[in-house]
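Novice: I would like to see how this sequence folds:
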Amino acid sequence: VRRTLVCLSRLYRCVDRPIFQGLSQEALKLCIQSVSHAAGKISANKTPIDGELFEIKHLLILREQIAPFRVDFTVKETSLDFSKVKTAAFGLLQKRKQLFSMGSNNALLEFLLEGTPQIKEHLLDSRKEVDRQLKSVCERYIKDAVHMLVGPLITFLDKAQSLLAQSTPATPQSPESTKASYVLRQSPWASPQQISSIIQETQRLIKAKLAVLQRSMQLYLSNRDTEFIIFRPIRNNIIQSFVKLEQLLTTNGYSTDDMIITSCPSAEQVSILLSSASILAAEGVASFAAAARKISTSSSVDGSTVGRKLSTMSNKSELVEQPKAEEVAGQMEVVPAEVPPPAKIEEEQVAETQTQANSE
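Specialist: Take a look at the predicted model:
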């Protein structure tokens, strides 16, 4: 990535724009392939999550750094399509007897007319290719992250949906349609006790692996805004999985007692669980609290209503009101004034009194 960007930055002002467009398209294409290949090696050595985060990070860097180039990264490529030549040649071999016929069915004439290769033009946009690759990697990462956190629940939902799809009758109004809703409830792997154990295991996974997942995001991305943007669909998919489970249980013959046994959490409870296990949310609250403490401390220091200043420019001591800190902050930067200690003020008053007595 670094070499690609350095190469493009040096060529940007050295070559003509059409030449730069062609070179940039080739360089970005090879750079994307190199990043994808490196991400595959990281996924093989560590985890797919690490490989995907590595690829997301470098694609974000690549997309951000090519934005300042005021050039169109779209390149038109021309190619020849020989697919019809093959079809026409095969037809020519089948019509050997009509090679020299004088009519409209001349096989050689048909070959010349139908076997001409076609010219095709393709528009290749390197920026859009970076965006497409980045979108694809983000979707894979979100899917893998959700499966890592709520994998047992997703497996149960897929198994239940396949069972219901097989047992659903062809005619919904038949008498057997009422029995179809109890097929899942009667399955031994879908008993309330089994579902309760699946939910507990999923909750343990969330508590144990959510912080690890977010630390990996912080390690690779190092940008809180990007971390929140990527984590938002992960959070929504987790909540949606529990909502699907609740809807599945309520529509397939599970009674109120069964729902109590399963202890299926609501969307609000899942949201609270994610917030409590999330280090991103904890850091956000901590930073907000630190900012609030900083504001309260500064207001307590600068919030004195009226300050008094002793004037030594006249024979009488004047009391001058200073403006409030809020009014000063609205106009300029607040700089703490240097106030002399009380002992120094008394010495100045005594010296001034002696000076006045001597002059009199």
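Novice: neighbours of the residue nearest to residue 23 when sequence neighbours are not counted, just the number please.
Specialist: Spatial nearest neighbour of residue 23, excluding adjacent residues (C-beta to C-beta, 6 or more residues apart in numbering): residue 11 at 6.1 Å. Where C-beta positions appear, they are placed from N, C-alpha and C, glycine not excepted. Neighbour count for residue 11, taken as other C-beta atoms under 10 Å: 14.
Novice: what sits against residue 11?
Specialist: 20, 23-24 (C-beta atoms under 8 Å, 6 or more residues apart in numbering).
Novice: can I take it that residue 70 is in a strand?
Specialist: No - read with DSSP: H, G, I helix; E, B strand; the rest coil, residue 70 is coil and lies in no strand.
Novice: quick check: it vs residue 21, distance?
Specialist: Distance, residue 70 to residue 21, by C-beta to C-beta, to the nearest Å: 12 Å.
Novice: so which helix or strand takes in the closest residue in space to residue 43 that isn't next to it in sequence?
Specialist: For residue 43, ignoring the flanking residues on the chain, the nearest one in space by C-beta to C-beta, 6+ apart is residue 51 at 3.1 Å. For residue 51, the host element (DSSP states H and E) is helix 48-66.
Novice: and that helix, what other elements does it pack with?
Specialist: helix 2-11, helix 17-45, helix 126-167, helix 192-221 (3 or more C-beta pairs under 8 Å, 6 or more residues apart in numbering; DSSP states H and E).
Novice: could you redo the last one with a cut-off of 10 Å?
Specialist: Under the contact criterion of 3 or more C-beta pairs under 10 Å, 6 or more residues apart in numbering; DSSP states H and E, helix 48-66 touches helix 2-11, helix 17-45, helix 126-167, helix 192-221, helix 224-250.
Novice: now tabulate these in CSV and tack on mean pLDDT and distance to residue 55.
Specialist: Shown next, in CSV, are the helices and strands packed on helix 48-66 (pLDDT from 0 to 100; distance: least, C-beta to C-beta, whole Å):
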stretch, mean pLDDT, distance to residue 55
helix 2-11, 93, 15
helix 17-45, 92, 4
helix 126-167, 93, 5
helix 192-221, 94, 9
helix 224-250, 94, 13
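Novice: quick one: buried residues of the helix or strand residue 268 falls within?
Specialist: Applying DSSP H and E as the criterion places residue 268 in helix 267-277. Buried residues in helix 267-277, counting neighbours by 16 or more other C-beta atoms under 10 Å, are found at 270-271, 273-274, 277.
Novice: of those, just say which sits nearest to residue 259.
Specialist: Distance to residue 259 across the buried residues of helix 267-277 (C-beta to C-beta) is lowest for residue 270, with 15.5 Å.
Novice: how much space separates that closest one from residue 197?
Specialist: 17 Å.
Novice: same thing with residue 210?
Specialist: According to C-beta to C-beta, residue 210 and residue 197 sit 20 Å apart.
Novice: for these two, indicate the residue with more neighbours.
Specialist: Comparing residue 210 with residue 197 by neighbour count (other C-beta under 10 Å), the higher total belongs to residue 210, at 24 against 13.
Novice: isn't that one up against residue 273?
Specialist: Yes - using C-beta atoms under 10 Å, residue 210 makes contact with residue 273 at a distance of 9.1 Å.
Novice: which neighbours do these two share?
Specialist: Common contact partners of residue 210 and residue 273 (C-beta atoms under 10 Å, 6 or more residues apart in numbering): residue 238.
Novice: just to revisit the earlier point, quick one: contacts of the helix holding residue 268?
Specialist: Residues from elsewhere that reach helix 267-277, judged by C-beta under 10 Å, 6+ apart: 149-150, 202-203, 206-211, 214, 231, 234-236, 238-243, 246, 263-266, 280-282, 284-285.
Novice: mean confidence for that helix?
Specialist: Per-residue pLDDT over helix 267-277 has a mean of 93.
Novice: just confirm residue 120 is within a strand.
Specialist: Yes - under three-state DSSP, residue 120 sits within a strand.
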